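Visitor: Mind folding the following:
(one chain, ligands or ions: 1)
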Amino acid sequence: MAVVTGSASGIGFATACRMAAEGASVAMVGRREPGIQSAAEEASSHGTARAYVADVTDAAAIDRALAGITDELGTPDILVNNAGVTIVGSITEITEEDWDRQFAVNLKSVYLVSRALWPGFRRLGRAAVVNMASVGSVWAIPNDAGYCATKAGVLMLTKCMAVDGAADGIRVNCVIPGYVETGMIRGYFDAQPDPDAARRQAIGLHPLGRLGTPDDIAAACVHLCSDDASWVTGTSFTVDGGVTAGLHADPPPDLPTRQSALGGTR
Ligand SMILES: NC(=O)c1ccc[n+]([C@@H]2O[C@H](COP(=O)([O-])OP(=O)(O)OC[C@H]3O[C@@H](n4cnc5c(N)ncnc54)[C@H](O)[C@@H]3O)[C@@H](O)[C@H]2O)c1
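Guide: Residues are numbered from 1 along each chain as shown. Got it, this is the predicted structure:
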């Protein structure tokens, strides 16, 4: 039985649908009642999916949701810590409040939700956890300092949880998505001075020539939670169209090439 946080939209929604289609009972956790309820109704066309309301930064709300989940669907043995926000800005641009909020939603929630489910994992003697990291875990994305810092934290927390959970049969991994077509990335583009240029530039950074889809990431989550990954823990699964592999040979037209920077032609 799987818990997927932040599953009213985007990657979380696609992951919940895919897990339900694979036969898992899925508890979809979201912040607001109408959004998560209608998402769960849609996901139910793939299998068993139910909505639970909790802000993942609120330990008491998580406990209340978990009580309902355990009552109705049983003890979870899969957790996808997917909920996240990005608040664009360099360190001189974002407020202290926004800094704290990003850390609470993106990093502290992984600790809070995992901590709540951990005793059940131990009782079962098995579990798979996937944390949603980002290329921002390993790369400094311009004007996204707080977000990148939180996602670097998720990468290390994944390793720590894996080491601590191994003796109890708890596997913990993370996924590192490139730029994926969701509301979050559209918000990021819209916050740039020229959103269309930002989008073209982002696409051009990916050697495979497109942004990711939520399903690209959902497939990786399902794999990491399956028995096919039974000897995989403490690692990161990069699903990024090649963006972090190295310098791309075909840069987008907006970027100066080495040649043009030297005064030659493109
Ligand atoms: N889209 C990308 O390019 C991209 C790239 C790398 C990593 N990610 C990560 O993937 C995850 C999913 O993002 P997405 O792109 O699907 O965007 P999204 O905005 O569609 O999904 C984020 C979800 O988290 C939920 N959420 C936010 N705060 C919450 C809270 N306090 N409690 C409960 N739920 C909360 C939102 O309601 C939303 O449903 C995030 O962790 C994000 O950082 C996204």
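
Visitor: so what's Arg236 up against?
Guide: Just so we're on the same page, residue 236 is Ser rather than Arg. By C-beta atoms under 8 Å, 6 or more residues apart in numbering, the contact set of Ser236 is Ala133, Ser137, Leu155, Thr158, Asn173, Cys174, Val175, Ile176. Yep, even glycine has a C-beta here, placed from its N, CA and C like the rest.

Visitor: Please flag which of those sit within helices.
Guide: Leu155, Thr158 (DSSP state H).

Visitor: and the two most separated of the contacts of Ser236?
Guide: In the contacts of Ser236, two members sit farther apart than any others by C-beta to C-beta. They are Ser137 and Asn173, at 12.8 Å.

Visitor: got the CA coordinates for stretch 53-68 in CSV?
Guide: The C-alpha trace of stretch 53-68 is given here as CSV (Å, rounded to 0.1, in the frame of the first residue of the first chain):
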residue,chain,number,x,y,z
VAL,A,53,-5.8,15.9,3.4
ALA,A,54,-2.6,16.9,5.2
ASP,A,55,-0.1,19.7,5.0
VAL,A,56,3.2,17.8,5.0
THR,A,57,4.9,20.5,7.1
ASP,A,58,2.4,19.8,9.9
ALA,A,59,3.3,16.7,12.1
ALA,A,60,-0.2,16.5,13.7
ALA,A,61,-2.0,16.7,10.4
ILE,A,62,0.3,13.9,9.1
ASP,A,63,-0.5,11.7,12.1
ARG,A,64,-4.3,12.3,11.6
ALA,A,65,-4.0,11.4,7.9
LEU,A,66,-1.9,8.3,8.7
ALA,A,67,-4.5,7.1,11.2
GLY,A,68,-7.2,7.3,8.4
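
Visitor: Other residues contacting that stretch?
Guide: 5-6, 27, 29-33, 36, 52, 76, 81, 83, 104-105, 108-109, 112-113, 116-117.

Visitor: Quickly check: it near the ligand or not.
Guide: Yes: judged by C-beta under 6 Å from any ligand atom, stretch 53-68 and the ligand are in contact via Asp55, Val56, Thr57.

Visitor: Next, count neighbours for Ala24.
Guide: Look at Ala24: counted by other C-beta atoms under 10 Å, it has 23 neighbours.

Visitor: Select the longest strand from the protein.
Guide: In the chain, taking DSSP state E as the definition, the longest strand is strand 170-177.

Visitor: separation between Asp190 and the ligand?
Guide: 13 Å (C-beta to the nearest ligand atom, to the nearest Å).
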